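**Q** what would the 3D arrangement of this be:
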Amino acid sequence: MVKILIADDHAVVRRGLKQIMTDEPDLLVVGEAQTAQQALELVRQQAWDVVVLDITMPGRSGLEVLKELQRERPKLPVLVLSMHPEEQFAVRALKAGAAGYLTKESAPGELVTAIRKVLGGGRYVSATLAETLAFELAVAPDQSPHETLSNREYEVFRLLAAGKTVSEIAAQLFLSVKTISTYRARILEKMNLKHNAELIRYAVTRGLV
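**A** Numbering: from 1, shown residues only. Model prediction:
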C-alpha cells in the first residue's frame, strides 16, 4: 500500500485530492497537513512513499519546505502541486529537488499518473514544461534578472508585483515589516530596478504575475 501525505492549507483541496485517488486501491492518503510545520513534523514522525506539497502555504513557502525535506529525506519523492502556472514556479521547484510539478487545474486528470511516475523513480512534468526544460539545457542562456533571486526573494518579488504593500506581505508570510523591507531593497538592487512601478512592469511583461 502506497502511503501518501498531502500538504495543503485548504481543506477543500485536500478533500478533492483524496477523492481523485479513491478509485486506486493501492494509493492511500494516510496523512494531511495544513501548514508547512505540520508537514515537516509528519515526515519526521512516519515513513511515507510520496508527499504532495502545495507550493504556497502560510508561513514558510513550499520551496523552503521542499529543501528541508530533501535534506532530511533525500529519497522521498515530493510532487509539488500549485495554483501557479508552470512558467512561474515549475523550474524553481524542480531545481529545488521536486520529483514533479502539477498545477491544481491539471490535477484531476494527471495526479494519479504523476504519483505513479515519481514512485517509480521518474520525474513528472507536462509536455510543455518538458520542452521548456529541454530548451534551457540546450541553450543555457544568461540568467534573467528575476532568476538571480533566492526562492524567498522571488516569493516577495511576486507579491510586490501583485500590488501588495510591505505590511500586507509581512502579515501574509508571518515575517516582520523590517524583514520584508530588506527583501524589497535587495530585490530592487539585484534586478537593477528603482521602484515598485518598474518591478510591476517587469513582472507583467514576462507573465510572472
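**Q** which residues sit against stretch 108-115?
**A** 2, 4, 16-17, 20-21, 24, 27, 50, 52, 79, 81, 100, 102, 124, 126 (CB atoms under 8 Å, 6 or more residues apart in numbering). Heads up, the C-betas are built off the backbone N, CA and C, glycines and all.
**Q** cutoff 6 Å now
**A** Stretch 108-115 is contacted by residues 20, 24, 50, 79, 100, 102, 124 when judged by CB atoms under 6 Å, 6 or more residues apart in numbering.
**Q** quick check: residue 101 vs residue 62, distance?
**A** Residue 101 is 11 Å from residue 62, where distance means CB to CB, to the nearest Å.
**Q** got it, and residue 13?
**A** In terms of CB to CB, residue 13 sits 13 Å off from residue 62.
**Q** before we move on, what about residue 10?
**A** Distance from residue 10 to residue 62, by CB to CB: 13 Å.
**Q** these two: which is more packed in?
**A** More crowded of residue 10 and residue 62, by other CB atoms under 10 Å: residue 62, with 27 against 13.
**Q** I figured the more buried one hits residue 55, correct?
**A** Yes: under the criterion of CB atoms under 6 Å, residue 62 makes contact with residue 55 at 3.6 Å.
**Q** where does pLDDT dip in the protein?
**A** Within the chain, the segments meeting pLDDT under 70 span 86-88, 128, 131-143.
**Q** just the strands from it, written as ranges.
**A** 2-7, 27-33, 50-54, 78-82, 100-103 (DSSP state E).
**Q** turn the ones you listed into a markdown table, including mean neighbour count.
**A** Below are the strands of the chain laid out as a markdown table (neighbours: other CB atoms under 10 Å):
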| stretch | mean neighbour count |
| --- | --- |
| strand 2-7 | 21 |
| strand 27-33 | 18 |
| strand 50-54 | 25 |
| strand 78-82 | 26 |
| strand 100-103 | 24 |
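**Q** which one of those lies nearest to residue 71?
**A** Residue 71 lies closest to strand 78-82 among the strands of the chain, at 12.0 Å (CB to CB).
**Q** need the residues that contact the closest one.
**A** 51-55, 66, 69, 89, 93, 98-102, 114, 118.
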